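Visitor: quick check, what structure comes out for this input:
(one chain, ligands or ions: 1)
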Amino acid sequence: MGDSASVTEILLDLIAIPSVSSASNRAMIDYARQWLTPNRWAIRTFPYADPNGIEKINLVAVPRRFLQHGLPDEASASPAGDSVAKRSQEADVPIVELALVCHTDTVPYPDDWPEAVHPKVMNGRVYGRGACDVKGFLACILAAVADPEVSEQSLAVVLTADEEIGCVGAKRLLGEKRFHARNAVVGEPTQLHPVVAGKGYALGEIVVRGKAAHSAFPQAGRSAILDAATLIDSIRNIGLRAATERHERFDPPFTTVNIGTISGGTAKNVVPAECRFLVEWRPVPGQNERWIADLIGEELARAQGEDPGLQATFQPIRIDAGFETDPQSKLVGELEGLSGNAAMAVAFGTEAPYLKKLGAETVVFGPGDMKTAHSVEENVPVEELERCVEILKGLAYSLAKNDK
Ligand SMILES: [Zn+2]
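Guide: Here you go, the predicted structure:
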């Protein structure tokens, strides 16, 4: 590799590094570091162990030149003593104009798709796991920051772990306030459309308990599946109610509710003692992201009030809000101008809400089409990759110009 490598070559390298969320992302971080030349970039990594004890790493890189203006520079700290390391850990975080944010993990791929990590270029597109979600955007970042002029602007490269399993890395990084950005571009495949609004993502499990009995004597038991059916019908009504609260930026223009999995029962001739199912909802921004959870809780309480024998619990697993950015902001205007594409909204969840919480104007942006992501057809057009590199450079010059 070298400065002359094309964005496509970088992407082929990245896809060849397996990085499903269950494994460590260290190899991805190590690869990315090679493009952040040490004499130009100060790099901080924030490792943590996931619940399975696997090492995951978040990375924040800021141009060294920018850090010289009175900001801490961890890389210059001697690794000699704990005290030095501690001090640098606690030092004030840099505030940058523009953060380029990208996750490093991918969803799993099937065994019978060997090309998942042996990418190929075909008909002007790169195919492989992560091609568009979201190694394509990462390749664009790395190609852009290899440009010495880009590495003199007020920007940060932020790479996160565990996005596909709930934005775990981003939550950690932002919770610990490791950096501040006035504007952020979060990479996801949007076909180079600036995305200024996204739905959130929420999930909870309902467990219904009945009493097992021989099915010839159902009165001796209580069917958890029939109780679940009653609750599921109520949740269908909650979904219909949610559809009346409209947010016209989205398609469909409301919070959607889905029961994605259900399991229960042990045999055809046994009254089932347990049934559990997952309820997922995607809240539109501006609406309380807990609203559906609250409605389900109320419904459970009502049903149990009417039938004290009903035993069911509802456990939220994850509740992430959506996000919405002012379409009149400078970030959106610049990206619309550079890409030639109008701002839009998307229905999938991203890391954007966490950046929004930091106060950053946030746009989701990147090459490729999310419709191919998470499938064996995952791909990204080379032409979009190349345009994206130029757009990121243009954005760095216009938005993050370091005038100091
Ligand atoms: Zn993604």
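
Visitor: can you name the residues that contact G204?
Guide: 278-279, 293, 296, 314-317, 319 (C-beta atoms under 8 Å, 6 or more residues apart in numbering). Every C-beta, even on glycine, is put in place using the N, C-alpha and C of the backbone.

Visitor: one more time with 7 Å, if that's ok
Guide: 279, 293, 314-317 (C-beta atoms under 7 Å, 6 or more residues apart in numbering).

Visitor: out of those residues, which sit inside strands?
Guide: Cross-referencing the contacts of G204 against strands under DSSP state E gives 279, 314-317.

Visitor: looking at these, state which has the most neighbours.
Guide: V279 (25 neighbours; other C-beta atoms under 10 Å).

Visitor: pLDDT at that one, what is it?
Guide: V279 is assigned 98 on the pLDDT scale.

Visitor: okay, now the closest residue to K268 other than its chain neighbours: neighbour count?
Guide: Using C-beta to C-beta, 6 or more residues apart in numbering and skipping the chain neighbours, the partner closest in space to K268 is S215 (7.6 Å). When counting by other C-beta under 10 Å, one arrives at 15 neighbours for S215.

Visitor: my guess is S215 contacts N269. True?
Guide: Yes - using C-beta atoms under 7 Å, S215 is in contact with N269, at 4.5 Å.

Visitor: for the closest residue to the ion within the stretch 201-350 of the chain, which residues are in contact?
Guide: Nearest residue of the stretch 201-350 of the chain to the ion: T350, at 7.1 Å (C-beta to the ion). Going by C-beta under 7 Å, 6+ apart, T350 touches 186, 188, 198, 364.

Visitor: is the last one in a helix, a strand, or coil?
Guide: Reduced to three states with DSSP: H, G, I helix; E, B strand; the rest coil, the structure at V364 is strand.

Visitor: and the helices in the protein?
Guide: Secondary structure of the chain (DSSP state H): helices located at 7-15, 26-35, 64-67, 82-90, 135-145, 168-175, 224-242, 291-306, 330-339, 352-357, 382-399.

Visitor: redo these as JSON lines? Include mean pLDDT, mean neighbour count and distance to the ion.
Guide: JSON lines is the format used below for these (pLDDT from 0 to 100; neighbours: other C-beta atoms under 10 Å; distance: least, C-beta to the ion, whole Å):
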{"stretch": "helix 7-15", "mean pLDDT": "98", "mean neighbour count": "22", "distance to the ion": "13"}
{"stretch": "helix 26-35", "mean pLDDT": "97", "mean neighbour count": "19", "distance to the ion": "13"}
{"stretch": "helix 64-67", "mean pLDDT": "76", "mean neighbour count": "19", "distance to the ion": "28"}
{"stretch": "helix 82-90", "mean pLDDT": "38", "mean neighbour count": "12", "distance to the ion": "29"}
{"stretch": "helix 135-145", "mean pLDDT": "97", "mean neighbour count": "29", "distance to the ion": "9"}
{"stretch": "helix 168-175", "mean pLDDT": "86", "mean neighbour count": "21", "distance to the ion": "11"}
{"stretch": "helix 224-242", "mean pLDDT": "98", "mean neighbour count": "17", "distance to the ion": "25"}
{"stretch": "helix 291-306", "mean pLDDT": "97", "mean neighbour count": "15", "distance to the ion": "23"}
{"stretch": "helix 330-339", "mean pLDDT": "96", "mean neighbour count": "20", "distance to the ion": "18"}
{"stretch": "helix 352-357", "mean pLDDT": "82", "mean neighbour count": "24", "distance to the ion": "11"}
{"stretch": "helix 382-399", "mean pLDDT": "96", "mean neighbour count": "21", "distance to the ion": "15"}
